[in-house]
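Peer 1: Take this sequence and fold it.
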Amino acid sequence: LDDTVARVALRSMGAFPHYGESVEREDLEPFVQPLMEKLGAKLQAELRFQKKAITFIAVLAAQMDDGFATYYGALMPLLKEVVHACLHKAEERILLGKCFECISLLAKVVGRAGFRSDAEQIMQAMLQAAQVQNLGDNDPVEEYMMAASQRICVTMKEEFLPFAPELLPCVLAKLKLASAPRAPNDIEFNSMAGSKQGLNLRVEQSKGEVKVLMMYTSDIQELKAALELIHTFVEELGELYAPFVAQTAQALLPVFEFTMQEEIRDLCFETWGQLCACARRCGQGNIVAELVHKFLDQILTRFDSAGQLLDTAELVTYADGMTTCLKQAGPGVLTRQQVRHVCQVGLRAIGDSLQRRHRLAEERREALSQTDPDECADEVDQDNDELEQALRVSLCSVAGAI
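Peer 2: Predicted coordinates for the structure are as follows:
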């Protein structure tokens, strides 16, 4: 860091995050003070040093946790100066985003009491940064802002509520990305395949037709980040999130159809369950019933046509989602007729699963009778057996949640 050649110092600062993220706190602690003495000067130097220094400091804060709190008072004024200087500079969006990231890590380090006096100013700066126009696609500040807001919400808990009304519409808008996967024509395919962005592909069969769905990896990551942030809002704000339940539920609906990653749809269903719990704790029985009925209307129809449209992994996600929703909603939400319908669909799905197990066993016996059985097929069959068993367990859990 002391090298007189700027390129060497910058390389050194850029290399540290790759190393520092793997160093244990007790091993790093003896070196933090001398490092911070040098980084303080770099933070007040030219922009290229500021960028590296902010990332360096963010890694130290993440690794040291509350052991880094002593540096908060000196760092925060400097970081706020950087935010103010970069807030409306389109060419410095990455620096601005990194600054928000560093500030949120410092907030986590000092806790709610230590960050309270700076929270409003920082959140307002983030909201202003999100409203800057004509930045094009893939503005880096959005990604940093969502991650920073999540940390700050966890830190401030119910005190984060004043910022939710302005921030939430921006986050919910990201859920529209759930409709992004598409089967492109030849021109779109060549354009997407030739892009420098990563691509995710999924092959689906519906009504005898095979479709290849494509979606940029960056869009999937944005969608997941938005869901994680909403999940955190509902979890940390608790009953205070009640005014936003209906708005959030409406925005979540497109994610029900998202098939590129089951992890994302599973997170969506868990968040829906949290909305049910929030409404229940607030005594909003009508809203709870509406959420549960809307969820079941969306899900049960999938099981009715499961043999043609869904694979087993999707069915497991749907069954787990029903269990989560029903448990969080509490007793007395379903009518007797609805209980009967849910149980009938579950029993029929279990029967279909057992039939598939029997068919797979027959196919396996036939394969083993050949002189040179395919070992890879055996591995696939084992995976299918495990998925089918997981599905039957999940369907039984649905009945237990009623």
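Peer 1: contacts and neighbour counts: CA atoms only from here.
Peer 2: Noted.
Peer 1: And residue 281, what's its pLDDT?
Peer 2: Here, the pLDDT recorded for residue 281 equals 95.
Peer 1: give me every residue that touches it.
Peer 2: Neighbour list for residue 281: residue 239 [criterion: C-alpha atoms under 8 Å, 6 or more residues apart in numbering].
Peer 1: One more: residue 291?
Peer 2: Going by C-alpha under 8 Å, 6+ apart, residue 291 touches 249, 276.
Peer 1: element containing it, please.
Peer 2: Following DSSP states H and E, one finds residue 291 within helix 285-304.
Peer 1: repeat for residue 231
Peer 2: Residue 231 belongs to helix 217-237 when assigned by DSSP H and E.
Peer 1: From residue 144, how far out is residue 218?
Peer 2: 13 Å (C-alpha to C-alpha, to the nearest Å).
Peer 1: Please say which of these two ends up with more neighbours.
Peer 2: Using other C-alpha atoms under 10 Å as the criterion, residue 218 and residue 144 rank with residue 144 on top: 21 against 14.
Peer 1: Mind telling me what element the closest residue to that one other than its chain neighbours is part of?
Peer 2: Nearest residue to residue 144 in three dimensions, chain neighbours excluded: residue 97, at 5.1 Å (C-alpha to C-alpha, 6 or more residues apart in numbering). Applying DSSP H and E as the criterion places residue 97 in helix 93-130.
Peer 1: what distance separates stretch 96-113 from the centre of its chain?
Peer 2: Stretch 96-113 sits 19 Å away from the centroid of its parent chain (C-alpha atoms, centre = their mean, to the nearest Å).
Peer 1: With stretch 221-234 instead?
Peer 2: 4 Å.
Peer 1: What of stretch 3-15?
Peer 2: Centroid separation for stretch 3-15 versus its chain: 35 Å, with C-alpha atoms, centre = their mean.
Peer 1: And it, what's buried?
Peer 2: Using 16 or more other C-alpha atoms under 10 Å as the test for burial, stretch 3-15 gives 9, 10, 13, 14.
Peer 1: I'd like to know how far the first one sits from residue 48.
Peer 2: Taking C-alpha to C-alpha as the measure, residue 9 and residue 48 are separated by 11 Å.
Peer 1: now the last one
Peer 2: Shown here: residue 14 relative to residue 48, a distance of 11 Å by C-alpha to C-alpha.
Peer 1: Look up the residues that both of the two are in contact with.
Peer 2: In contact with both residue 14 and residue 48: no residue, using C-alpha under 8 Å, 6+ apart.
Peer 1: Can you report phi and psi for residue 215?
Peer 2: Torsion angles at residue 215 (phi, psi; degrees, to the nearest 10) stand at phi -160, psi 140.
Peer 1: Could you report the separation of it from residue 202?
Peer 2: For residue 215, the distance to residue 202 - C-alpha to C-alpha - is 9 Å.
Peer 1: More neighbours: which of those two?
Peer 2: Per other C-alpha under 10 Å, whichever of residue 215 and residue 202 has more neighbours is residue 215, with 23 against 15.
Peer 1: so where's the stretch 151-300 of the chain shaky on pLDDT?
Peer 2: By pLDDT under 70, the low-scoring segments of the stretch 151-300 of the chain are 180-201, 203-211.
Peer 1: And the helices in it, which stretches?
Peer 2: Per DSSP state H, counting those that start in this stretch, the stretch 151-300 of the chain carries helices over the ranges 164-173, 186-193, 217-237, 245-252, 262-281, 285-304.
Peer 1: any idea which of these is most buried?
Peer 2: helix 262-281 (a mean of 22; mean count of other C-alpha atoms under 10 Å).
Peer 1: just to revisit the earlier point, residues making contact with the helix holding residue 231?
Peer 2: Defining contact as C-alpha under 8 Å, 6+ apart, one finds that helix 217-237 is touched by 143, 146-147, 149-150, 153-154, 157-158, 160-161, 171-172, 174-175, 177-178, 197-200, 241, 264, 267-268, 271, 274-275, 278.
Peer 1: and it with helix 262-281, angle?
Peer 2: With axes from the mean of the first three to the mean of the last three C-alpha atoms, to 10 degrees applied, the angle from helix 217-237 to helix 262-281 works out at 20 degrees.
Peer 1: chain center to helix 217-237: distance?
Peer 2: Centroid displacement of helix 217-237 relative to its chain, using C-alpha atoms, centre = their mean, is 4 Å.
Peer 1: relative to helix 164-173, how tilted is that helix?
Peer 2: Using the same axes, to 10 degrees, the inter-axis angle of helix 217-237 relative to helix 164-173 is 150 degrees.
Peer 1: Taking helix 245-252 as reference, get the angle to helix 217-237.
Peer 2: Going by the same axes, to 10 degrees, helix 217-237 makes 160 degrees with helix 245-252.
Peer 1: all numbers from here: first residue = 47
Peer 2: Okay, residue one is now 47; in that scheme the one you just asked about reads as helix 263-283.
Peer 1: Please tell me how far residue 150 sits from residue 109.
Peer 2: Relative to residue 109, residue 150 is positioned 14 Å away (C-alpha to C-alpha).
Peer 1: quick one, which of these two is more surrounded?
Peer 2: residue 150 (26 against 21).
Peer 1: how many other residues sit next to the residue lying closest to that one once chain neighbours are set aside?
Peer 2: Leaving out its chain neighbours, the residue that sits closest to residue 150 by C-alpha to C-alpha, 6+ apart is residue 194, at 5.1 Å. Counted with other C-alpha under 10 Å, residues neighbouring residue 194 total 26.
Peer 1: residues in contact with stretch 47-67?
Peer 2: Identification of contacts with stretch 47-67 by C-alpha under 8 Å, 6+ apart yields 84, 94, 95, 98, 99, 101, 102, 105, 106, 109.
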